[in-house]
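Trainee: have a look at this fold, sequence not included:
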C-alpha cells in the first residue's frame, strides 16, 4: 500500500509537468498558427497580390478576415477554458497529494506502532519461550522425582505386603488362640454367673430369718429402743402372734445404713433378725394381708433379701402395679420372678424381656403395657 501511494504521488507530479509542457506547446502553436497564416497571407499578397486582387472578390476577403477573428476568439476562449480546467485539476491533484501525504504520515505512525508491537510481541514470545523452557525443566525434574517416589512407594508396598503376610499368618494363629480364649471366657462367664447366682442364693438364705421394716420414722428411736418398737408394732397389728407365742424373740435389730445421711428425706430401713423362722413367717404373711401401722404412721414389712435381688424385684415395679390395675393378680416370687393370672392360667416370667415378648404377641395387653417406656422411667429414677 505504501508503494502504491508513492507511485500515485509520482504520477501526479509527472501529470502536472506534462500539462505545463502541453500548455506551452499549445500557446506556441496558436501564435505560430496565427502568425503563419498572416505570413502566408503576406507572402501570398507579396507574390501575387495583383493576381489575387483581380481573382478574389472583396466580400470573400472580408469574410475570411471575420472567420480569422472568430477563430482567434474561439481559440482564446478554448485556451482560457483549458487553462482554468488545468488549474482546477492541478488544485485537485495538489489536494490529493496533501491527503496522500497525510495518509502517508498516518501509515508511517501505524507502521511504527506495528513495529513497536511486533517488537513487544517478540520480547513476549522470547519471555514465553524462556518460561516454557523453565516449565519443561521443572516438569522433567518433577517427573524424575516422581519416578523416584514411585519406586520408593513400590518398595514400601512390597515391604507392607510382606508384613501383611506375616501379620495374616500371626493373625490366624491369634484367631485360633482367641477362639480358644473365648471358649474359656464363655465357660468362665457361665461359671461366674453360676457362682453369682449361688452367692446371691446363699446370701438370701442367710437372710431368710430377717425382715425389713420400711418407712418407720426415726423420731421414735430417741424415746424407745428398736426392739421395744418392734414388739409394739406386732402387738398393734397382729396381737394373735403374741398371744400364741408370747414375747417375740429377736436376735438382732438395727437401722441400715448405720450412719445417718442428712441429705436423705426418708427414714432408714430397720433390719430385724428373728430367732424363730416360723414367727418371722407369720408376721410376713400378716403384713401381706394388711398394711401395718405404728402410732398413726403406715409402715411396710417385707422379706430382707440381697441387694441384687432387691434391684431385680424393683425392676418389676411398674409392670407389677399396672398388672394389679388390670386385675391380673401379680406376685413377685422368690427370688425375683413375676407371676400373673390370665385366662385361668398362671404365667411366670424370670426376666422383663420374657414379659415383653409375651405382651407383643397379645394385642389386648400390648396396648395397655408400654414396657419399654416403663423401664426407661424406672432406670432414670434409679440413677
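Mentor: Yep, it's here. Remember, predicted model here, so these are calculated numbers, not experimental data.
Trainee: give me the element residue 177 is part of.
Mentor: Residue 177 belongs to helix 58-206 when assigned by DSSP states H and E.
Trainee: can you name the next helix or strand after that helix?
Mentor: Following helix 58-206 in sequence order, the next helix or strand is strand 210-214 (DSSP H and E).
Trainee: can you mark which positions in that following strand are buried?
Mentor: Neighbour-count burial for strand 210-214 flags 210-213 (criterion: 16 or more other Cβ atoms under 10 Å). Placement of C-beta: from N, CA and C, glycine included.
Trainee: what angle do that strand and helix 58-206 make?
Mentor: Put simply, strand 210-214 runs at 130 degrees to helix 58-206, going by axes from the mean of the first three to the mean of the last three Cα atoms, to 10 degrees.
Trainee: now what about strand 210-214, what contacts it?
Mentor: Residues from elsewhere that reach strand 210-214 (Cβ atoms under 8 Å, 6 or more residues apart in numbering): 230, 233, 269-274, 280, 283-284, 299-304.
Trainee: of the residues you listed, buried ones?
Mentor: Buried among the contacts of strand 210-214 (16+ other Cβ under 10 Å): 230, 233, 269-274, 280, 283, 299, 301-304.
Trainee: thinking again about what came up before, pLDDT added to the buried residues of strand 210-214, as a markdown table?
Mentor: Listed next are the buried residues of strand 210-214 as a markdown table, based on pLDDT from 0 to 100:
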| residue | pLDDT |
| --- | --- |
| 210 | 86 |
| 211 | 88 |
| 212 | 88 |
| 213 | 87 |
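Trainee: which one of those sits closest to residue 324?
Mentor: The shortest approach to residue 324 among these belongs to residue 212, at 21.1 Å (Cβ to Cβ).
Trainee: that older thread, among the buried ones among the contacts of strand 210-214, which are located in strands?
Mentor: When the buried ones among the contacts of strand 210-214 are checked against strands (DSSP state E), the matches are 269-274, 299, 301-303.
Trainee: wait, which of the residues you listed is closest to residue 225?
Mentor: Nearest member of those to residue 225, counting by Cβ to Cβ, is residue 270, at 11.5 Å.
Trainee: before we move on, the earlier item: just the closest of the buried residues of strand 210-214 to residue 247, please.
Mentor: Using Cβ to Cβ, these come closest to residue 247 at residue 211, 16.4 Å.
Trainee: which stretches of the stretch 251-383 of the chain have low pLDDT?
Mentor: Within the stretch 251-383 of the chain, the segments meeting pLDDT under 70 span 370-383.
Trainee: strands of that one, start to end?
Mentor: Along the stretch 251-383 of the chain, the segments classed as strands by DSSP state E, counting those that start in this stretch run 269-274, 292-294, 297-303, 331-333, 337-342, 345-349.
Trainee: what is the burial count for residue 361?
Mentor: 8 (other Cβ atoms under 10 Å).
Trainee: measure it to residue 123 for me?
Mentor: Distance of residue 361 to residue 123, computed by Cβ to Cβ, to the nearest Å: 92 Å.
Trainee: again with residue 319
Mentor: 94 Å.
Trainee: what does residue 322 give?
Mentor: 95 Å.
Trainee: looking at those two now, which is surrounded by more residues?
Mentor: Remark: of residue 322 and residue 123, residue 322 carries more neighbours, 17 against 10, as counted by other Cβ under 10 Å.
Trainee: with adjacent residues omitted, what lies nearest to that one?
Mentor: residue 369 (6.3 Å; Cβ to Cβ, 6 or more residues apart in numbering).
Trainee: pretty sure the one you found contacts residue 320?
Mentor: No - here residue 369 lies out of contact with residue 320, judged by Cβ atoms under 8 Å, at a distance of 11.5 Å.
Trainee: common neighbours of those two, please.
Mentor: Going by Cβ under 8 Å, 6+ apart, no residue sits against residue 369 while also sitting against residue 320.
Trainee: ok, residue 271 - contacts?
Mentor: 210-212, 252-256, 304.
Trainee: returning to that earlier point: how about the strands of the stretch 251-383 of the chain, which one is nearest residue 108?
Mentor: Nearest to residue 108, of the strands of the stretch 251-383 of the chain and by Cβ to Cβ, is strand 345-349 at 112.7 Å.
Trainee: the closest one - contacts with which helices or strands?
Mentor: Strand 345-349 sits against strand 337-342, helix 352-360, with contacts defined as 3 or more Cβ pairs under 8 Å, 6 or more residues apart in numbering; DSSP states H and E.
Trainee: state the distance from the closest residue to residue 290 other than its chain neighbours to residue 346.
Mentor: In space, and not counting its chain neighbours, residue 290 is closest to residue 237: 7.4 Å by Cβ to Cβ, 6+ apart. Separation of residue 237 from residue 346 (Cβ to Cβ): 30 Å.
Trainee: appreciated, that's everything.
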